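**Student:** Pasted the sequence and its predicted model underneath.
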Amino acid sequence: MGTVITPAHSSPVTGSQLLPSPTPIRFLDERGNPVDEHQGYQEPDLGLVVEAWRRMVVGRRLDTQCSALTRQGRLAVYPSSRGQEACQVGTVLALGPDDWLFPTYRDTMAILSRGVEAHEALGLLQGTRHCGYDPQKVKVAPQCTPLATHALHAAGLSYACGRLGEPTVALALVGDGATSEGDFHEALNFAAVFRAPTVFLVQNNRYAISVPLARQTAAPTLAHKGIGYGVASEQVDGNDVLAVLAVVQAGVARARAGEGPSLIEAHTYRLEPHTNSDDASRYRDEAEVEAWRQRDPILRLEAWLRRQGALDDTRAKAVAEEAEEAAASLRAALSEPAAPDPLALFDHVYAEPTAPLLRQRAWLEAKMASLSEP
Amino acid sequence: MGTVITPAHSSPVTGSQLLPSPTPIRFLDERGNPVDEHQGYQEPDLGLVVEAWRRMVVGRRLDTQCSALTRQGRLAVYPSSRGQEACQVGTVLALGPDDWLFPTYRDTMAILSRGVEAHEALGLLQGTRHCGYDPQKVKVAPQCTPLATHALHAAGLSYACGRLGEPTVALALVGDGATSEGDFHEALNFAAVFRAPTVFLVQNNRYAISVPLARQTAAPTLAHKGIGYGVASEQVDGNDVLAVLAVVQAGVARARAGEGPSLIEAHTYRLEPHTNSDDASRYRDEAEVEAWRQRDPILRLEAWLRRQGALDDTRAKAVAEEAEEAAASLRAALSEPAAPDPLALFDHVYAEPTAPLLRQRAWLEAKMASLSEP
Amino acid sequence: MPTYTMAQALNRALRDAMEADQKVVVFGEDVGALGGVFRVTDGLAASLGEDRCFDTPLAEAGIVGFAVGMAMRGFRPVVEMQFDAFAYPAFEQVTSHVAKLRNRTAGALSLPLVIRIPYGGGIGAVEHHGDSSEAYYAHTPGLRVVTPGTVADAYSLLRASIECPDPVVFLEPKRRYWARAELELGPGQGEPLGRAAIRRPGRHATVIAYGPMVATAMEAAEAGAEDGWELEVVDLRSLSPLDIETVCASVRRTGRAVVVQEAPTFCGYGAEVAAQVAESCFHYLEAPVARVGGLDIPYPPPALEHHHLPDADRILDAVAGLQWEDAR
Amino acid sequence: MPTYTMAQALNRALRDAMEADQKVVVFGEDVGALGGVFRVTDGLAASLGEDRCFDTPLAEAGIVGFAVGMAMRGFRPVVEMQFDAFAYPAFEQVTSHVAKLRNRTAGALSLPLVIRIPYGGGIGAVEHHGDSSEAYYAHTPGLRVVTPGTVADAYSLLRASIECPDPVVFLEPKRRYWARAELELGPGQGEPLGRAAIRRPGRHATVIAYGPMVATAMEAAEAGAEDGWELEVVDLRSLSPLDIETVCASVRRTGRAVVVQEAPTFCGYGAEVAAQVAESCFHYLEAPVARVGGLDIPYPPPALEHHHLPDADRILDAVAGLQWEDAR
Ligand SMILES: Cc1ncc(C[n+]2csc(CCOP(=O)(O)OP(=O)(O)O)c2C)c(N)n1
Ligand SMILES: Cc1ncc(C[n+]2csc(CCOP(=O)(O)OP(=O)(O)O)c2C)c(N)n1
Ligand SMILES: [Mg+2]
Ligand SMILES: [Mg+2]
C-alpha cells in the first residue's frame, strides 16, 4: 500500500502529512510511458489492469450507445462520462464484493463495472424508475442527484457496518462542483469524527455543468480540503487507471484497517457536454477539449499494455466485439418501450399504503379502466 | 503586519504557506510574561492594549451583571462570555469604524465594545426585540443564532462593499461547534472565490454546549480548514489580547489590501455554563474549568501592563469604578419592565403591511381594547 | 401510579425502545452526557452505552444524512434536532432523501428513522426557538408526521414511531415537556400510528387540535362548559396521514368545527383540515369551519408571544362566531 | 408585435431591470456564460458585464446567504436556484434569514432580494427536477411568493418583484418556459404584486389556478365551453399574499369553485385557498370547494408523470362533481 497517510489522530499537531502529494500520483504519462511519479504507491496487479482496460473499453462503447439512445428518445437524459473511464472503472475495481458504491447521475460506467445489468443501471435515466436495480443486492446506492447529499449516506452506512463488525468500506463518488456544497463538508467531518471506513473520491472533471474549477474553489487542490477534517488525502491522475487503482486500493485498505476515511481527488475531464441537452460550446473551447482527448485514458492504457505484452490486436479485437455485443444487447433491452405500472405509484410511498393513498389508487384505477373502455 | 500569509492565488501548487503557525501566536504566557511565540507579528500599540484592558474589565463586569439579571428575570436568557474577553474586545478593536461585525448570541461583549449601548445590545436577550440596535448605524449585524449562517452574510456584505469601492472589512465571529455546519464551509468558499474582504474568527472555547472539541473535529486545528479554501489561516492564543489584536489586525489589513479573506482560530474557554439555564457539571470537570481560570485573559494582561508601567492601582481602581457605574446604569436601564408595542408586530413583516396583516392588526387592536375596558 | 412529565415519558419511551431492540440508536447535538437541552435523552448514554446514545458534530444535515446511511444498514436511528428552526439545515436531506428513499428504490430500502423535533413556542425563548414547522413536513409525501398532545401519547406514539418502518417526523410540543400525568407504562406498545382521539366528548362543536394546542383546546372546552358549550375535542396525533374519518364523524355529529394550530395560519396545517372537513361534511355544517392559529408573522420576541399564540379565549371566540342563531 | 417565449420574457425582464438599476445583480449556478440551464439569463453576462451576472460556487445556501449580505449593503440580488428541489439546501437561509431580516431589525434592514426557482413538472425530467415547492414558501411569513401563469406576467411580475422592497420567491413554471405569446414590452412596470387576474369570465364555476396550471385551467374552460360549461378562470399570480377578494368575488358570482395545483394535494397551497373560500363564501356555495392536485406521492418518474399531474380532464371531472342537480 502506498503513502496514503497515517491517521489524523496519531498526528494532532501540524498534520501536514495529511496533505496530498504536491503533484498527482501517476504511473503513466499521457503517451502511456511509465513515469516515476507515484510516490511509493505500488503498481497494481497486471491482471487487474487488463481487466480494467476491458471494462473501460466496453464502458465507453456503452456510453456512446447511451448518447445515441437519447437521440432516439429511449433515454430521458444521459450524462456521459466519456473520458472518465479510468476513474469510474478503477474505483470500482478497488472495491471488494461487500463494499458499497455511492454513485451520482454521472457514474453509469461505475455502476456497470460493478456488475449491474445495463437495463437496470439505466432505470433512472430511462425515466421509468427512480432506481432500476436493487441497492441491497448489488451494494450500489441509488444514483444521487442532489449534489453531495449521498456522501453523508456513505459515511453513515460504512460507520454502521463498522458497528456491526463488518469489514465493509463505502466509496462515494463526488464531482468537483459538489465539493462546494455544505453536505460535502459535513460528510467529511462526520466520517472523520466517527472514523468511518469511507473513501470520498472526487472526480474533478474541471466543470460543474458550465462552471469551471476556478469559480468553484481557490484552494491549491481539492485534495487540500482533507486536512481540515483530519482526513488523509491524495491527488491522482484520474486518466491513469494504474494510479487510480493504486490510490483507491490504498484508501480502501486504510479504511478497512480501521484507519478512517480518506479523500482522493482524481483529475480528469468530461469529453462530452454535461448531458445530451447541454451546449458545451457556450463555455469551453474546442481546443481545450482536444487537448484532453490527447490524454485519453484508454489510448494511454492500451499503449502501455501493448508495451507490456499484455495486449495484442487479437485481444483488442475480441474486446471490441464484446463491446459491440454489449451495445447491441443494451439496444435490445431498451427497444421495448418501457411500461411501468401506474398503480405501483402508490405501493412504496410508505411500507403500507395509507388510507388516502388507497383512495387515490382506486381513483386512478377507475380512471384507467374508464379510459381503456371501448 | 505579521505573517498572515500571501494570498491563495499566488501559490497555486502546495499552498502550505496557507497553513497556520504550528503553535498559537502569543505574546504573553499565562502569567503575563512576554514570550517569543509571535512568529513575526508585531506587538500592538500599548495605548490600544490599555484600552483593550479597560473594555475587558468593564465588559466582564457587565457580563456578571447580565448573569445576575437573568436570575431576576430581566433577561430571557444570557450566554455568558466570561473568559472570552480578549477574543471579543481584541477583535473589535482591530476593526475600523466603517467595518462590520457579524456577531452571534455569545458576543455581547464584542457588541458593547463596538460602542452599542448596553440596553440596545441586550434587546435580543431581554426578550423584547429580535435586535435592539440599528445595524446600519452601528455596523453590527443582528446577533445570529442559526449557527454559521451569518458567515455567509459577512462574505456577501464585504464583497458588496468591495464592489462599491468601499474599503470595508466584515468580521464574522463563529464558535468552534459552528465550524461543523455546511454554511461555514460555503462561507469560506464564497469569500475565497470572490476574494471578499472577510475575516472569519473562530472563538474555539472548547465546547458547543456540552459537546467537546474532539467530538466536533478530527482536524489538527480548526485553522487547518483554511487551506482547503485557499484561505490564509492562523491560530492564536485567544486569552492573550496582544496576540488577538496583532493577528486580527493583520487579517483585517490583508482583507483591506485586497488580499482576500482569512480564517483565525482563537483558543479560549467559556468559564460559565453555555447559558444561565445550562448545567455544565454534566459534561465537564470543575478541575478543567479551574485550570482555565488560571489562564484568565484579564489577570494575565494586568500583570503585563503593570510590569510595563502602564497600569497602577489608581488606574485599576478608576476602571473598576467605571465598571461599577456601567453595571449600575445597565441595571437601571433594564429595571423598567420592557413594554414593546404589540401592534408593532405587524409593522415590519413586509415593507408595507399586507391586507391580511392589516386585518390581523385590527383584530388584535380590538381585542386589546376590549381587554382594557373596565 | 407513578407520574411522569412529558419529557420523562419520552425518555422512558426511548429507553424501552433501545432495550427492546439493539438496532435503535439515538444521536444528535448534546444528547449524550448532557441528556439533551430538554433532558429527553437523560441518562441514556450513561446507562445504555455511548454507542447507543451519542453526540455528533454540530450539523443537522449531517445528522440526518448519517442516519439515512445507518438505516440503510439496518439501524433504527432516532435523531434529535435541537429546536424546530434548527432542523431547517436538514431540509434537503429530509425532503429529497428521507421522504423518498423507499419510494426511489421501489421498497428495496426501508427507512425506519425517527426525527425528533421539539417545536412550537410559549416557553419564553428568543427567535428561532419557537417555530411550528409541521406544515412543511406534512406536505411532504413519504414522511409520517406525529405529534403527541398528552403525556401518555408521548410515550406510546414515540414507541410506535420507532417501531414504524416509515420515517417519522416526531414533533414534540416543547411547552408541554413539563406537563405531568400519572401513567402506568408497560413494555408493550400503545397506539398504532394514524388514529386521532376524542379527548372530550361534546355536542355543540368540534375543536380539532394537535400537539401543544390539545391542552389549550381542553382548557377552552372546560371554560366553555361553564357557559353551557359542550365542545368535543379531537386530538389529531398523526398529522400525516390525517385520520379524517374520526374528525368528520365528530363534525357530522356537532355540525360545527374549529381547527386550532399554533403556527402562522396562512397555508398552515389547519387549512388542510378545514378544507377536508368542508369538503366531506358540507351538508352537515351549520357554519363555516373556523381556524384559530398564530398570526402571519415571524415568531415574535418572547415578551409578545402571548399575542401570537392561540389561547382558550381565542378558541372560545371562534366557537362563538360559528353562527349560532339557530342552535343551542 | 414581437413574440416571446416565457423564458425570453423573463430574460428581457432581467435585462430591463439591470439596465434600469445598477444595483440589480444576477447570480447563481450556470447563469453566466451558459445563460442558465433554461437560458433565462442568456446573454446577460456578455452584454451587461460579468460583474452584473455571474456564476457562483455550487452551493445554494451559499448563494442565498451571500445575497443576503449583498442586499444588506444596498444591492438588489436576483438569484437563481437551478431546480425546485435544489433550493432545499437554502431552506434555512430562506426561512430564518430572508423571511425575517426586516422584521428582526424592525425595518432597519430591508431585503430586496428575488429568488427565482423554476418549479413544477411536466418536462420529462428525472427525480428531484419536478417538485412544486410553493406551499413551503407560502407558509413562511415575511416572504412574498409570486408565480406567473402567462408570458406577459412573466415579464411584468418579475419586474415588479425586482422593484419590490420585500424578498420574493419567484416561482417559474418550467414547463411553460417555451410557451409563446405576442407582447409589446415597454420599459415601464406592469402589474403591482398581489393582485389576482380573471383570465376568462364565466358564470357556472370558478376555477382557481396559478403558475403551470393556469394554461391547464384555460384548456379545461375551453373544452368545458363545448359542453356548455361557462367556467371563470382566476389566475392567482401572487400566492403570498393571496388576493382573496378577487377570488371570493368570483366565487360569490358563480357559487362553485375548483382549486387547482400541481403539487401533492395534501397540505398544499390549494388547501389554503379552499379553506378561505369555504369560510368567506359559505352562504354562496352550492357545493363544497373541490381541489384538483397532484397525487400524494413523491414526484414520479417521467414515464408516469402524466398520471400525477392534473390535466384539463381532471379539472372538468371536478367541475362535474360540484353537485349540479339544481343548477345549469
Ligand atoms: C443540490 C443541487 N444543486 C444543483 C444541482 C443541479 N446540477 C446537476 S449536476 C450539476 C453540476 C455538478 O457538477 P460536478 O459536481 O462537478 O459533477 P459533474 O456533473 O461534473 O460530474 C448541477 C449544478 C443538483 N443536482 N443538486
Ligand atoms: C443551526 C443551529 N443548530 C443548533 C443550534 C442550537 N445551539 C445553540 S448554541 C449551540 C452550540 C454552539 O457552539 P459553538 O459554535 O461552539 O459556540 P459557543 O456557544 O460555544 O459560543 C447549539 C447547538 C443553533 N443555534 N443553530
Ligand atoms: Mg464536474
Ligand atoms: Mg464553543
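**Tutor:** Okay, I see it. Ligands and ions are numbered 1, 2, ... in the order given.
**Student:** rest of the way, CA atoms for contacts and neighbours
**Tutor:** Fine.
**Student:** Which residue ranges of chain C form strands?
**Tutor:** Using DSSP state E, the strands of chain C run over C:3-5, C:24-28, C:53-55, C:76-80, C:114-119, C:144-146, C:168-173, C:180-182, C:197-200, C:205-209, C:231-235, C:238-240, C:257-264, C:290-294.
**Student:** Please convert the ones you listed to CSV, extending it with mean neighbour count and distance to residue A:228.
**Tutor:** Formatted as CSV, the strands of chain C follow (neighbours: other C-alpha atoms under 10 Å in any protein chain shown; distance: least, C-alpha to C-alpha, whole Å):
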stretch, mean neighbour count, distance to residue A:228
strand C:3-5, 19, 43
strand C:24-28, 25, 22
strand C:53-55, 25, 20
strand C:76-80, 26, 26
strand C:114-119, 26, 29
strand C:144-146, 27, 37
strand C:168-173, 26, 33
strand C:180-182, 15, 47
strand C:197-200, 17, 52
strand C:205-209, 29, 48
strand C:231-235, 27, 49
strand C:238-240, 27, 41
strand C:257-264, 29, 40
strand C:290-294, 25, 44
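**Student:** could I get those strands as CSV with mean pLDDT?
**Tutor:** Below are the strands of chain C laid out as CSV (pLDDT from 0 to 100):
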stretch, mean pLDDT
strand C:3-5, 97
strand C:24-28, 98
strand C:53-55, 98
strand C:76-80, 98
strand C:114-119, 98
strand C:144-146, 98
strand C:168-173, 98
strand C:180-182, 96
strand C:197-200, 98
strand C:205-209, 98
strand C:231-235, 98
strand C:238-240, 98
strand C:257-264, 98
strand C:290-294, 98
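**Student:** Let's have these in CSV, adding distance to chain B.
**Tutor:** What follows is the strands of chain C, written out as CSV (distance: least, C-alpha to the nearest C-alpha, whole Å):
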stretch, distance to chain B
strand C:3-5, 19
strand C:24-28, 10
strand C:53-55, 7
strand C:76-80, 14
strand C:114-119, 15
strand C:144-146, 24
strand C:168-173, 19
strand C:180-182, 21
strand C:197-200, 28
strand C:205-209, 21
strand C:231-235, 23
strand C:238-240, 26
strand C:257-264, 11
strand C:290-294, 10
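**Student:** right, and those strands - which one's nearest ligand 4?
**Tutor:** Ligand 4 sits nearest to strand C:53-55 of all these, at 14.5 Å, using C-alpha to the ion.
**Student:** mind checking which of the strands of chain C is nearest residue D:237?
**Tutor:** Of all those, it is strand C:257-264 that lies closest to residue D:237, at 21.5 Å by C-alpha to C-alpha.
**Student:** Name all residues that make contact with residue A:78.
**Tutor:** Counting by C-alpha atoms under 8 Å, 6 or more residues apart in numbering or on different chains, residue A:78 makes contact with A:66, A:67, A:70, A:125, A:275, A:276.
**Student:** Which residue comes closest to the first one once chain neighbours are left out?
**Tutor:** I take that to be residue A:66. Leaving out its chain neighbours, the residue that sits closest to residue A:66 by C-alpha to C-alpha, 6 or more residues apart in numbering or on different chains is residue A:78, at 6.8 Å.
**Student:** coming back round to it: which among the contacts of residue A:78 gets closest to residue D:83?
**Tutor:** Closest to residue D:83, out of all of the contacts of residue A:78 and judged by C-alpha to C-alpha, is residue A:275, at 15.7 Å.
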